[in-house]
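Visitor: Give me a model of this one.
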Amino acid sequence: MSLDRVQTFLAAWRRPLLHRRYRDLEDRPRRLAARYLSLLTLLLGGLYLGWLAPLMWRAPGDQSVLFFLAETLAYVLIVFLAWDLWKLRYHRPEGLEIETFHPVDIFVTYCGEPLEVIRTTLKAVSRITYEPKQVYVLDDANSPQVAEMAQSLGFHYHSRLQDGLPRRDAKSGNLNYGLGLSQGELILVLDADQVPTPEILTRLVGFFRLPKIAYVQSQQTFHLPEGDPFFNRDEIFYEVIQLSNDQANAVISCGSGVLYRRAALEEMGGFATWNILEDMTSSYELLSRGWKGLYFPYPLTKGLAPLNLAGVYRQRFQWCLDSMRLFFWDNPLIKPGLGFSQRLHFLVIMMNYLISGLIFPAFYFLPLLGYWEGYSCFQDHEWCYLTLRGLYLVATILMFRYLFFKKDALKQFKVLCGLSPVYAAAILTALVHPPGCKPSYRINNHNPFAEASGYLLLLPQLAIITLHLVLPLLSLHLGWAPPHIIVTNGFFSAFIIWVMSDLVLAGLRKPQWQPAMHPRQVYGS
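Guide: Residues are numbered from 1 along each chain as shown. Got it, this is the predicted structure:
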């Protein structure tokens, strides 16, 4: 055998050893491109900030301080993204082979959603092909109709109100109530609107042959109108961030379609109750205690997502509020038990909210300040700024192209921009609600099919857009600023109007559905 053939054989033999994980070899070109483009972006961003710092130090006024602070914090987020997201972990779609058929308890939580919604979910639960299992319908609305549905299917029905117990701690309290009623080794949690596939357990249970696995979260999918106007699909989170979290053991529980190990929950005293929602906080606590979470990147449930602006606001406000309460009162950087990579992965989620709620508004405000004051912090350095910032921007776009491979990162960015007022309110709320002072909670799906939207909810975004339309003309007419500054800031204003208009238009339009795809038809109303 020739030397060339021997080398070819050894290379082919070694390749599987170097890429043992599923799809690791196929993902390598994207991974390398993301890594190198991330390094290039960080280099160009560092050069840009190095040039910007002395310029802002010499520039008079508050514009320079505000702008440099905003750009620096945005760069910090890019550092976190570059560190965290280029390495993804995949799993085989069939899951691991089941060695032990652990007894499973299925908790279906209910709190007053439409009866057709819970009926559809319970019928789907009855078709789950796994034994042994027990189904517990945990009804915080004490509905006789739901009790009849559950009992007709042979399920256990329980209600805290019926047992004379208060509805303390909302869903987390309801789940802990269910823990005290059941005995299964594994617990599948389903929201009232999350319709499971028959094979959900046969594809998830096998992972619990690994001794330290505390929970396995499956990908969530939703019934969505054409164009997904509010980006409820959230493909960046479900198809990138969670896969990246998986390789760092920082998977976030999403509260439904998730399978828990009872022993892990009992070790920490049950589902976490100090935050509004139990999902992220419970996974955060379990990981800090040395347990592991796993992300199964395939949809095994399909549920409802908010169809109107009020529902979107309520849902995203609560997500941000929970994350920010962790950030302010139980920060990953000082959380005992977390590893360095785990800390950074949790901070990515929190930094996204901070940037959207606090830093984006600074960028919205700066051009308006320029029209008013007649001064730009780049005065006499516009071309140098455009060159350095342009190179940094192009590199960032290319980095995102490979970090968020084939995902709509631009739409995610526009949603973050449009929801800035919501996230700002949630951040301020988190600051004044330490542990022991829990904010109130409202469920999203009391009226999930409502499509009407309140125009008043768009007043903050419309005010920002109006100011960016009117102030340039007013500044030019009254002579507040020289024309070249108005023109320069006009480019920023046009960009701000463009990115914010997506949420405004989505809030004003009625959702468009493909035939027979409206949730009312899917859920049989």
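Visitor: C-alpha from now on. contacts and neighbour counts both.
Guide: OK.
Visitor: Average pLDDT for stretch 222-240, rounded please.
Guide: Rounded to a whole number, the mean pLDDT of stretch 222-240 is 92.
Visitor: And that stretch, end to end?
Guide: Across its full length, stretch 222-240 reaches 17 Å end to end, with C-alpha to C-alpha, to the nearest Å as the criterion.
Visitor: Return the set of buried residues in it.
Guide: Neighbour counts using 16 or more other C-alpha atoms under 10 Å place 222-225, 228-240 of stretch 222-240 among the buried residues.
Visitor: low-scoring stretches of the stretch 251-400 of the chain, by residue?
Guide: Counting by pLDDT under 70, not a single residue of the stretch 251-400 of the chain qualifies.
Visitor: Could you tell me which of the buried residues of stretch 222-240 belong to helices?
Guide: Taking DSSP state H, the ones among the buried residues of stretch 222-240 that sit in helices are 235, 236.
Visitor: Contacts for the helix or strand encompassing residue 246, please.
Guide: Secondary-structure assignment from DSSP states H and E places residue 246 in helix 242-247. Under the criterion C-alpha atoms under 8 Å, 6 or more residues apart in numbering, residues 84-90, 251-252, 293-295, 297, 342, 345 lie in contact with helix 242-247.
Visitor: how much distance is there from that helix to the middle of the chain?
Guide: Shown here is helix 242-247, whose average C-alpha point lies 13 Å from the average C-alpha point of the whole chain (C-alpha atoms, centre = their mean, to the nearest Å).
Visitor: all strands for this protein, in order.
Guide: Assignment of strands within the chain using DSSP state E yields the ranges 104-110, 133-139, 156-158, 186-191, 195-196, 213-223, 258-261, 292-304.
Visitor: can you put these in a markdown table and add distance to residue 147?
Guide: Putting the strands of the chain into a markdown table (distance: least, C-alpha to C-alpha, whole Å) gives the following:
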| stretch | distance to residue 147 |
| --- | --- |
| strand 104-110 | 11 |
| strand 133-139 | 8 |
| strand 156-158 | 6 |
| strand 186-191 | 16 |
| strand 195-196 | 18 |
| strand 213-223 | 26 |
| strand 258-261 | 24 |
| strand 292-304 | 22 |
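Visitor: Out of the ones you listed, which is closest to residue 494?
Guide: Ranking the strands of the chain by proximity to residue 494 (C-alpha to C-alpha) places strand 213-223 first, at 33.2 Å.
Visitor: mind checking how far residue 269 is from residue 180?
Guide: To residue 180, residue 269 is 11 Å away according to C-alpha to C-alpha.
Visitor: cool, and residue 289?
Guide: Between residue 289 and residue 180 the distance, using C-alpha to C-alpha, works out to 22 Å.
Visitor: Repeat that for residue 433.
Guide: Look at residue 433 and residue 180: by C-alpha to C-alpha, they are 29 Å apart.
Visitor: Between the two, which is the more surrounded one?
Guide: With neighbours defined as other C-alpha atoms under 10 Å, residue 433 and residue 180 compare such that residue 433 has more, 16 against 9.
Visitor: ok so, going back, select, out of the strands of the chain, the one closest to residue 441.
Guide: Closest to residue 441 of the strands of the chain is strand 104-110 (C-alpha to C-alpha; 14.5 Å).
Visitor: okay, the angle between the closest one and strand 133-139?
Guide: Here the directions of strand 104-110 and strand 133-139 differ by 20 degrees (axes from the mean of the first three to the mean of the last three C-alpha atoms, to 10 degrees).
Visitor: partner strands of strand 104-110, parallel or antiparallel?
Guide: Sheet pairing for strand 104-110, assigned by DSSP bridges, gives strand 133-139 (parallel), strand 186-191 (parallel).
Visitor: how about the CA coordinates for that strand, as PDB?
Guide: In PDB, the C-alpha atoms belonging to strand 104-110 read as follows (Å, rounded to 0.1, in the frame of the first residue of the first chain):
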ATOM      1  CA  VAL A 104     -43.800   9.500  34.100                       C
ATOM      2  CA  ASP A 105     -46.300  11.900  35.500                       C
ATOM      3  CA  ILE A 106     -47.800  14.400  33.000                       C
ATOM      4  CA  PHE A 107     -48.800  17.700  34.500                       C
ATOM      5  CA  VAL A 108     -51.200  19.800  32.400                       C
ATOM      6  CA  THR A 109     -51.700  23.200  34.100                       C
ATOM      7  CA  TYR A 110     -54.900  25.100  33.600                       C
END
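Visitor: Any buried residues in stretch 375-382, and which?
Guide: For stretch 375-382, the neighbour count (16+ other C-alpha under 10 Å) marks 375, 376, 377, 378 as buried.
Visitor: now the stretch 1-150 of the chain, which segments are flagged as low pLDDT?
Guide: Judged against pLDDT under 70, the low-scoring parts of the stretch 1-150 of the chain cover residues 1-20, 60.
Visitor: which residues touch the closest residue to residue 400 other than its chain neighbours?
Guide: Distances taken as C-alpha to C-alpha, 6 or more residues apart in numbering place residue 409 nearest to residue 400, at 7.1 Å, with adjacent residues excluded. Shown in contact with residue 409 (C-alpha under 8 Å, 6+ apart): 236, 400, 401.
Visitor: hmm, back to that, identify whichever of the strands of the chain lies nearest to residue 76.
Guide: Taking C-alpha to C-alpha as the criterion, residue 76 comes closest to strand 292-304 out of these, the separation being 26.3 Å.
Visitor: For that closest one, enumerate the helices and strands it packs against.
Guide: For strand 292-304, the contact count by 3 or more C-alpha pairs under 8 Å, 6 or more residues apart in numbering; DSSP states H and E identifies strand 195-196, helix 200-204, strand 213-223, helix 242-247, helix 279-288 as packing neighbours.
Visitor: Send me that strand as PDB with only the CA atoms.
Guide: This file holds the C-alpha atoms of strand 292-304, laid out as PDB (Å, rounded to 0.1, in the frame of the first residue of the first chain):
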ATOM      1  CA  LYS A 292     -27.400  19.200  33.800                       C
ATOM      2  CA  GLY A 293     -30.000  20.300  31.300                       C
ATOM      3  CA  LEU A 294     -30.300  19.200  27.700                       C
ATOM      4  CA  TYR A 295     -32.000  20.800  24.700                       C
ATOM      5  CA  PHE A 296     -33.700  18.500  22.200                       C
ATOM      6  CA  PRO A 297     -33.900  20.800  19.100                       C
ATOM      7  CA  TYR A 298     -37.000  19.200  17.500                       C
ATOM      8  CA  PRO A 299     -40.700  20.300  18.000                       C
ATOM      9  CA  LEU A 300     -42.700  17.900  20.100                       C
ATOM     10  CA  THR A 301     -45.500  20.400  21.000                       C
ATOM     11  CA  LYS A 302     -47.400  23.100  19.200                       C
ATOM     12  CA  GLY A 303     -49.200  25.900  21.000                       C
ATOM     13  CA  LEU A 304     -50.600  29.400  20.900                       C
END
